[in-house]
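Visitor: No sequence on hand, only this structure:
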């Protein structure tokens, strides 16, 4: 049960203003009805294709907004962040557009496409070969160090309060699309790692007519455990998962505070459903999804009965996957 | 130079009404800015992703509209058409929605995905193993025969006057999107086989502020030759081409009449640029395109200098490609 948290939720008016600040830089991503799957599940399913966002993932929205919030001094000095990839790529592109130096610490095992494209946008990249206590925490520590050494503004990849508001743009745009199409949404499924997408979404879908689901990779279900226990908890993080963007083992402090305003259900998804979802998106939708971006769709395959007879929107959060690996998944 | 043709062009008001009739069944497909390619070409490039249309290609728009035009008697008896694939799939899905029997003649070498998905939508399929004088003409003849035997309404896959108006929906929707974004479009590139997409587009973009290009597979550049000669001409059709949806060797009679109202430039594209375009769409856009759907993008790679300093919209008309083949293309 939600208890009264310390974070004050922004008003819709503020989030609308933030959306409008981003809009000249971002793409409106389509809301696609999945007729075949709707028939199969006997419900109505729609997919919000954030894989078609600039830089191939929703993270660009928060990144550009966060950089637009910097003061002149911070802008001139540049920023540093650690990220497994999508925030890195989004931040690098945003920095290139706004002419702000971007430094990134990325885990050495991040997908090549994420590292190379961040580089192509002119970011300075330092690979982190340390994976203890976790790959995220080791990279975070190194970024913190470098930020102090070089006077760079340190940006958190998912738990920065302004960034979370920036990420709410996905849900705000979705909510506008649903209104225009006169669709009443019973369930909204958000891929969840550190939790900025589900937190941002809970700022928009806050009236209990829509049930929010935090969809997590099994072994990394920190948000699910935290919701169950009522305090931030850690998943074990020992499972081998293809969802490289969802490997935070604990939700961000701010994200967890934010989602406690609403009722969120945690939904851990088994690895075996991920490839099925990627294949479905390829053959039925002509969309390339990365494993982390396909996890909401995978949740429908694992838990079809939960969504029967209802209207469900799944967010496909990203499409950045190494092409050789992708070719291998779809052809098996 | 265009001469005065016999076909009367429909007014915008009529085409708007047709669009509205289709709209409950179709998807609004996104217009995506291609920033990376824009930088490379030093112009502004946008892609209209009709690969995300229901059934994975723009053909669904014309198909559903055409079926909605049938009278009760025709509806009850059913329809027959020949098609290399995308019209087949679109018509099958439209028939399923409207509860109209759909019979299809398809060339035996059509992509499996197109045959199987038309079947999955409940169409009766007859494969045509005859490829003389051309694969399209042999299939057309068989469809004509069956239509007479069984009292089915014969639909032309690309040269039916109502169907052409139905296909204008792509360009009408595009034109609305351009207006909303305040983009003035210098060039519009349409993949062209029999010519219904370029003909439909020329009904909307008819004021000479936008230059239309009929993009064709080399060896199948019937429209290009016809424009040059001022009368319908035939390409040799002997080249091996991956563009299975663009292998009409001559434009439809009505399509050719329609496009002569405006100035259209033919643009034959070499096979070697097709895979490059498919790979670009995968890695930069997260979109799965079939060869025929990627040909406008391929034209930008072959003729970059033509589009320098200008604003160009390319239509990506479809994404129906066998997955094994697709995996092979993107991983090489």
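Guide: Noted; the coordinates are in hand. Just so it is clear, the structure is predicted and the values come from calculations on it, not from any experiment. Residues are numbered from 1 along each chain as shown, chains lettered A, B, ... in the order given.

Visitor: List the buried residues for the one helix or strand residue A:21 maps to?
Guide: Using DSSP states H and E, residue A:21 falls within helix A:12-22. Residues of helix A:12-22 classed as buried by neighbour count (16 or more other Cβ atoms under 10 Å in any protein chain shown): A:15, A:18, A:19, A:22. Every C-beta, even on glycine, is put in place using the N, C-alpha and C of the backbone.

Visitor: so is the nearest residue to the first one once chain neighbours are set aside in a helix, a strand, or just coil?
Guide: Of all residues not flanking residue A:15 in the chain, residue A:168 sits nearest, at 5.1 Å (Cβ to Cβ, 6 or more residues apart in numbering or on different chains). Put simply, residue A:168 is helix when judged by DSSP: H, G, I helix; E, B strand; the rest coil.

Visitor: And residue A:168, how far from residue A:293?
Guide: Taking Cβ to Cβ, to the nearest Å as the measure, residue A:168 falls 19 Å from residue A:293.

Visitor: follow-up on the earlier one: and for the helix holding residue A:21, what are the contacting residues?
Guide: Residues external to helix A:12-22 that are found in contact with it (Cβ atoms under 8 Å, 6 or more residues apart in numbering or on different chains): A:61, A:64, A:65, A:68, A:165, A:166, A:168, A:169, A:172, A:173, A:203, A:204.

Visitor: With pLDDT and distance to residue B:134 as added columns, please give the buried residues of helix A:12-22 in JSON lines.
Guide: Converted to JSON lines, the buried residues of helix A:12-22 look like this (pLDDT from 0 to 100; distance: Cβ to Cβ, whole Å):
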{"residue": "A:15", "pLDDT": "97", "distance to residue B:134": "58"}
{"residue": "A:18", "pLDDT": "97", "distance to residue B:134": "57"}
{"residue": "A:19", "pLDDT": "98", "distance to residue B:134": "53"}
{"residue": "A:22", "pLDDT": "96", "distance to residue B:134": "51"}
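
Visitor: Among these, which one lies nearest to chain B?
Guide: The closest of the buried residues of helix A:12-22 to chain B turns out to be residue A:22 (Cβ to the nearest Cβ; 14.7 Å).

Visitor: which residue sits closest to that closest one, ignoring its sequence neighbours?
Guide: Closest to residue A:22 by Cβ to Cβ, 6+ apart is residue A:65, at 5.0 Å.

Visitor: how far away is the closest residue to residue A:83 other than its chain neighbours from chain B?
Guide: Distance criterion Cβ to Cβ, 6+ apart; nearest residue to residue A:83, sequence neighbours excluded, is residue A:157 at 4.4 Å. Residue A:157 sits 21 Å away from chain B, taking Cβ to the nearest Cβ, to the nearest Å as the criterion.

Visitor: isn't residue A:157 right up against residue A:89?
Guide: No: counting by Cβ atoms under 8 Å, residue A:89 is not a contact partner of residue A:157; they are 11.4 Å apart.

Visitor: since we're on the residue nearest to residue A:15, how many residues are nearby?
Guide: By the measure other Cβ atoms under 10 Å in any protein chain shown, the count of residues near residue A:168 is 30.
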